[in-house]
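Q: kindly generate the corresponding structure for this input.
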Amino acid sequence: MSRARHTAYGGARGGGKSWAMRRKLVLLAVNYPELNILLLRRTLPELRENHILPLLKELYGFAQYSATDRVFSFPNGSRIKLGYCDTLTDVFQYQGQEYAVIGMEEATHFTEEQQQFLTTCNRTAREGFSPRMYYTCNPGNVGHAWVKRLFIDRDYRDGERAEDYAFIPARIWDNRVLLDADPGYVKQLMSLPEDLKKAHLDGDWDVHAGQYFREFSRSVHVAEPHEIPRWYKRFRSMDWGYNDPCCVLWHAVDPEGRVITYRELYVREMRAEEVAERAVALSRGEEIAYTAASPDLWQRRGQSLATKAGTAGMSLADVFNKCGMPVIPADNARVAGWQTVRRFLAAAPDGRPNWQCFSDCANLIRTLPALIYDSFDREDASGGEDHAPEALRYGLMSCPGASVLPRPKKKPVFDPLDLGKRPGGSYLTT
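A: Numbers count the residues shown, from 1 in each chain. The predicted structure is shown next:
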């Protein structure tokens, strides 16, 4: 039994996640009087099919249902409200409300910003009951990265505590009802391509449905930090953000044109001057050819938070240039850019990848494989947290070119006649 503030149940398909969510919330409502509970799906049709209709059958004659408010009211005063967040801003309808328990069904369909907002509603003044949130989830979709970060990778930021998060793996083998009713379902999962089988049958969070870059492999594309020859061409790329994360990546190119991403700066709520200062300090002793940055740096609107006094009216590009980090506008062709990334992820004729990154580029490693196909344009990628992949796209699109080993300088040959020459070539006279 999990006693964590946040508990997720998921992984493989067919584990009975929706049933488990309903049972948990109903049992809490029955056992704790006056409990206010919220159960969410991303869309209303999903909410109706997966929860409203089953609960109407399961609670018939016991709990009253209001179709207007979508609320089940229990005899002890507890209530389960069923809601949905079809758009990113739908979460604001719960602002100011108080729910002792919140259940997020298919949590990976929600963005991290939606989840974070909902946690502010997870509170109660009821004595003897600690607020909690429950999640069901499968790998994939827009929320894959934040669910994986919290519950699988257990990578926590300031204010997050490891003891507040627990993950319970879901396996189809645990769902005896489904196995007995439809034994062929397992065969369907086992016949999937190997990568999808890992996601749907084994619950592998490194491979998931809708994954844009299935070529990415930690064993192939992630290398331990090592010394890079000083003469390799080095450059940076940046996806700017203030409220959203700002990501700066450092890259080096070998003589064969392979790119190694060897450093990452990933910060939030840091002004342009501060980002430039950090990047310049991290680059000390290195010769950086250029920094390709997101084109929005050349706009001159809405920069008050991102810059300090004395830079009013300047574009962010001007600010970076002034602070010793000159930037050039990156090529922002999205589809062509992602295909360039895909080309670098592919293996060269000798079997080695055209791109690798150091293992301490944690946010790039975390978010690049989490990108999914855009629902409106299958050639494009989308994702909840795409700042590091965007920075990588800008860098690889800048066409850095292979490094060339510098030729050793020839030692000058001493000629005694040169001792009497003027700079212009004539001889000195006495």
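Q: so, low pLDDT: which residues of this protein?
A: The chain contains residues with pLDDT under 70 at 14, 173-179, 181-182, 185-186, 192-200, 202, 209, 300-313, 409-430.
Q: where exactly do the strands run in the stretch 301-430 of the chain?
A: 328-329, 355-358, 372-373, 381-382 (DSSP state E, counting those that start in this stretch).
Q: closest to residue 220 out of the ones you listed?
A: Ranking the strands of the stretch 301-430 of the chain by their distance to residue 220 (criterion: CB to CB) puts strand 355-358 first, at 7.9 Å. All C-beta spots, glycine's among them, are computed from the backbone N, C-alpha and C.
Q: give me the contact list for the closest one.
A: Identification of contacts with strand 355-358 by CB atoms under 8 Å, 6 or more residues apart in numbering yields 220-225, 258-263, 341, 344-345, 364-365, 396.
Q: packing partners of the host helix or strand of residue 81?
A: Using DSSP states H and E, residue 81 sits in strand 79-84. Strand 79-84 sits against helix 17-31, strand 36-41, helix 44-47, strand 71-73, with contacts defined as 3 or more CB pairs under 8 Å, 6 or more residues apart in numbering; DSSP states H and E.
Q: with mean neighbour count and distance to residue 55 added, can I get those in JSON lines?
A: Shown next, in JSON lines, are the helices and strands packed on strand 79-84 (neighbours: other CB atoms under 10 Å; distance: least, CB to CB, whole Å):
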{"stretch": "helix 17-31", "mean neighbour count": "18", "distance to residue 55": "6"}
{"stretch": "strand 36-41", "mean neighbour count": "24", "distance to residue 55": "9"}
{"stretch": "helix 44-47", "mean neighbour count": "16", "distance to residue 55": "10"}
{"stretch": "strand 71-73", "mean neighbour count": "20", "distance to residue 55": "6"}
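Q: show me what contacts the nearest residue to residue 65 once chain neighbours are set aside?
A: Computed as CB to CB, 6 or more residues apart in numbering, the closest residue to residue 65 that is not its neighbour in sequence is residue 72, at 5.3 Å. Listed by CB under 8 Å, 6+ apart, the contact partners of residue 72 are 29, 55, 59, 63-65, 79-80, 82.
Q: out of the strands of the stretch 301-430 of the chain, which comes closest to residue 322?
A: Among those, if distance is taken as CB to CB, the winner is strand 328-329, at 15.2 Å.
Q: listing partners with orientation, what would you give for that closest one?
A: Paired with strand 328-329 in the same sheet, following DSSP bridges, are strand 288-293 (parallel).
Q: and the partner strand, what's buried?
A: 288, 291-293 (16 or more other CB atoms under 10 Å).
Q: quick one: contacts of it?
A: The contact list for strand 288-293, computed with CB under 8 Å, 6+ apart, reads 233-240, 248, 250, 279, 317, 320, 325-331, 394-395, 397-398, 400.
Q: check stretch 33-48 too.
A: 21-22, 25, 28-29, 50-51, 70, 76-86, 94, 97-106, 109-110, 118, 121, 124, 126, 129.
Q: buried among the residues you listed? Make that a ChimeraX selection.
A: With 16+ other CB under 10 Å as the burial test, the buried ones among the contacts of stretch 33-48 are selected in ChimeraX as follows:
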select :21,22,25,28,29,50,51,70,78,79,80,81,82,83,84,85,94,99,100,101,102,103,104,105,106,109,110,118,121,124
